[in-house]
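Colleague: No letters, just coordinates:
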């Protein structure tokens, strides 16, 4: 039992509570226990938000005695979709108090672990609490537990339309996370929406959309993200003990597998599955359909490392298939990494409704992330040139040099990916 899950902000808690429900349902399946649930039967989860309305759903977990009430940390109001407001809080006591309460909850939960390996933080990079307070919490956790791991599950906003401040927030958040975390697992809202529309159409025969995003569509988006997280981080047979007990090292082994160099730690994820036992080769091809191959400038993307997690592999057929070679070619793995593709397998499939079906989840350290970074930097520079909304950040202590430092950080990441 090595991980503490930290859910920050509206998006982080919406996704995180879906994750909690899945953990509660799967904790007794397949016989290897859950590394995210304590010996007392409570979830190793800390829920943090500046707005108490978002955390009402978490109270049901408290009533069911699956979540400690002390692990729900809430403020009295939002953070105005402003990274600076979320990071620094109020100039008076409340902002610091929310930060201190959150850190105390993380500290106490870490002390309950048999072994504390690190923190998994779920959040969005576009809002105020998730991006700003999430960045601050990562820095505080790094200072408090310098040898532990930090893996963030970071939801990226739609390219436009969510908030006039989303590019500023994304810039500052990704730069801060790059300094304090070990790996950043990115989920793009545009891709999640596309997936949810396809899934919703299969389920209901319609998109279920009128104006904006319907609540059902948001639910499908969250479920897709949780399915990908579970596909990666639920226990696997490869990493369990001889007595078939999970030590919960999957998040940290993920970092070891796909982040061979600390300067490049932005990860993407694809997933394919079916209620029937499709061949692993077919599932590998399906995961490659959404992997970008060439940049707008005509440059081929590459991957530094790939991790494939095959669930439902009861006959050990995955390693005998050509799926790994197909993934290596499809992701254009770099030549300098002698072992660019790692794999985990598990005979049980706890993620899908049909436990005997095959599910393939692929995590890649792929250079296509530079398109996101270039877009964020470009839009931020355009806004800074006309001084758009900068006074909202200056009000909470973020100055021009902070933006410049963040821009330089992301450009160095782009250079790192382009150089290899």
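Modeller: Okay, I see it. Bear in mind the structure is a predicted one, so any value in this text is a computation, not a measurement.
Colleague: contacts and neighbour counts: CA atoms only from here.
Modeller: OK.
Colleague: Which stretches in the stretch 51-200 of the chain count as helices?
Modeller: 58-63, 83-88, 93-112, 134-144, 166-180, 189-204 (DSSP state H, counting those that start in this stretch).
Colleague: JSON lines please, covering those helices and showing mean neighbour count.
Modeller: Below are those laid out as JSON lines (neighbours: other C-alpha atoms under 10 Å):
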{"stretch": "helix 58-63", "mean neighbour count": "16"}
{"stretch": "helix 83-88", "mean neighbour count": "26"}
{"stretch": "helix 93-112", "mean neighbour count": "18"}
{"stretch": "helix 134-144", "mean neighbour count": "21"}
{"stretch": "helix 166-180", "mean neighbour count": "24"}
{"stretch": "helix 189-204", "mean neighbour count": "16"}
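Colleague: can you give me the helices for the stretch 251-400 of the chain?
Modeller: Under DSSP H, counting those that start in this stretch, the stretch 251-400 of the chain gives helices at 280-288, 323-330, 369-385, 390-394, 400-419.
Colleague: and the second one, which residues are buried?
Modeller: Of the residues in helix 323-330, those with enough neighbours to count as buried (16 or more other C-alpha atoms under 10 Å) are 323, 324, 326, 327, 328, 330.
Colleague: With the third one instead?
Modeller: By neighbour count on 16+ other C-alpha under 10 Å, the buried set for helix 369-385 is 369, 370, 373, 376, 377, 380, 381, 383.
Colleague: can you check the shortest one too?
Modeller: By neighbour count, with 16+ other C-alpha under 10 Å as the criterion, the buried positions of helix 390-394 are 390, 392, 393.
Colleague: Show me the shaky parts of the stretch 51-200 of the chain.
Modeller: Low-confidence segments of the stretch 51-200 of the chain (pLDDT under 70): 90-95, 161-162, 197-200.
Colleague: Provide the count of other residues in contact range of the nearest residue to residue 266 once chain neighbours are set aside.
Modeller: Nearest non-adjacent residue to residue 266, counting by C-alpha to C-alpha, 6 or more residues apart in numbering: residue 184, 5.0 Å away. For residue 184, the count of nearby residues is 24 (other C-alpha atoms under 10 Å).
Colleague: So what pairs up with residue 184 in the strands?
Modeller: Per DSSP bridges, the residues bridged to residue 184 are residue 152, residue 266.
Colleague: on that earlier part again, got the helices of the stretch 251-400 of the chain as a markdown table, with mean pLDDT and distance to residue 194 columns?
Modeller: Shown next, in a markdown table, are those (pLDDT from 0 to 100; distance: least, C-alpha to C-alpha, whole Å):
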| stretch | mean pLDDT | distance to residue 194 |
| --- | --- | --- |
| helix 280-288 | 95 | 14 |
| helix 323-330 | 97 | 22 |
| helix 369-385 | 96 | 17 |
| helix 390-394 | 95 | 33 |
| helix 400-419 | 97 | 26 |
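Colleague: picking up where we left off before, can you lay out the buried residues of helix 369-385 as a markdown table showing distance to residue 81?
Modeller: Below are the buried residues of helix 369-385 laid out as a markdown table (distance: C-alpha to C-alpha, whole Å):
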| residue | distance to residue 81 |
| --- | --- |
| 369 | 24 |
| 370 | 24 |
| 373 | 20 |
| 376 | 17 |
| 377 | 19 |
| 380 | 16 |
| 381 | 19 |
| 383 | 16 |
